[in-house]
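> Provided below for reference: sequence and predicted model.
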Amino acid sequence: MADVIQLTRRRAGRSAPQLPALAPVTVYFDLASPSTYLVAERIERRFGDARWRAATAWHAPPHVGEGSVFAMEAVERRARELRMPLVWPERFPARVPSAMRVATFATERGCGAAFAIAVGRLAFCGGFDIEDPDILAEAAAAAGLEVAEALSASRDARRDRAVAAAGRALWVQGGTQMPTVGVDGDLYCGEQRITVALARTVALAAG
């Protein structure tokens with residue numbers, strides 16, 4: 001686990017060119033989804049000032065379909081294309097309410113991206129159970145959060161309402177998959193649409 005966390009810190013801490021904030025960017029993410037893991041670092045490197053929102057799809061859990069053999073094979077192929085390691089957690093697919101509660105806390109502290117990256121690497125690079133308080137503590141520390149406060153947030157079921165509300169609002173706007181990136185009022189849903197979102201921001205920056 002320490003090796004995974006150290007890798008998370010090194011990658012999250014790398015400097016990279018970021019796009020100017022000419023249009024508002026919002027990242028909706030579910031930590032149960034391997035697609036969030038595959039894309040979180042790419043988004044963080046390019047949209048350093050994006051607003052991150054923890055959200056679970058209102059109509060259905062976004063990760064359930066990803067638990068089919070066909071979908072898991074597709075994710076594995078995509079991970080190879082991106083040259084990213086992928087290990088399936090024992091509990092996949094499953095909801096991760098405690099981790100999502102901490103995610104709402106992390107976004108409030110401006111650490112949503114760092115926490116999503118840390119959790120994604122522990123879950124899908126290390127195969128750890130991110131509902132385990134010890135694992136959540138490791139992720140919180142890697143993201144720069146106060147661990148005791150983060151663990152307190154993990155037990156606060158009232159935070160579930162914010163996650164569900166974000167998911168409902170996203171669904172009403174036309175969001176169908178996690179993660180979704182909103183750019184200047186348009187939604188780009190799913191990991192492979194992130195490239196299109198990046199191109200849109202480049203076009204906006206170019207005028």
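Perfect, I can see it now.

> name the element Tyr28 belongs to?
Counting by DSSP states H and E, the element that carries Tyr28 is strand 25-29.

> got it, and Leu122?
Leu122 belongs to helix 112-124, assigned by DSSP H and E.

> quick check, distance from whichever helix or strand comes after that helix to the centre of its chain.
Downstream of helix 112-124, the next assigned helix or strand under DSSP H and E is helix 133-142. How far helix 133-142 lies from its chain's middle: 15 Å, per Cα atoms, centre = their mean, to the nearest Å.

> Next, the angle helix 112-124 makes with helix 133-142.
Counting by axes from the mean of the first three to the mean of the last three Cα atoms, to 10 degrees, helix 133-142 lies at 140 degrees to helix 112-124.

> quick one: buried residues of helix 133-142?
For helix 133-142, the neighbour count (16 or more other Cβ atoms under 10 Å) marks Ile135, Leu136, Ala137, Glu138, Ala139, Ala140, Ala142 as buried. In short, each C-beta sits where N, CA and C put it, glycine included.

> now the residues you listed in CSV, with pLDDT and distance to Gly174?
Output for the buried residues of helix 133-142, formatted as CSV (pLDDT from 0 to 100; distance: Cβ to Cβ, whole Å):
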residue, pLDDT, distance to Gly174
Ile135, 97, 34
Leu136, 98, 32
Ala137, 98, 37
Glu138, 97, 36
Ala139, 98, 31
Ala140, 98, 33
Ala142, 97, 33
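
> what does stretch 102-110 rub up against?
29, 31, 51-54, 112, 114-116, 119, 136, 139-140, 143, 145, 149-151, 153-154, 159, 162-163 (Cβ atoms under 8 Å, 6 or more residues apart in numbering).

> Try it again at 6 Å.
With contact meaning Cβ atoms under 6 Å, 6 or more residues apart in numbering, stretch 102-110 is reached by 31, 52, 54, 112, 115, 136, 143, 145, 150, 153-154, 159, 162.

> CA-only coordinates of that stretch, as CSV, when you get a sec.
In CSV, the C-alpha atoms belonging to stretch 102-110 read as follows (Å, rounded to 0.1, in the frame of the first residue of the first chain):
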residue,chain,number,x,y,z
VAL,A,102,-15.1,11.6,2.2
ALA,A,103,-15.1,12.7,-1.4
THR,A,104,-17.6,15.4,-0.6
PHE,A,105,-15.4,16.5,2.3
ALA,A,106,-12.4,16.6,0.0
THR,A,107,-14.2,18.7,-2.6
GLU,A,108,-15.2,21.2,0.1
ARG,A,109,-11.5,21.5,1.0
GLY,A,110,-10.4,21.9,-2.6
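
> That's all I had, so thanks and see you.
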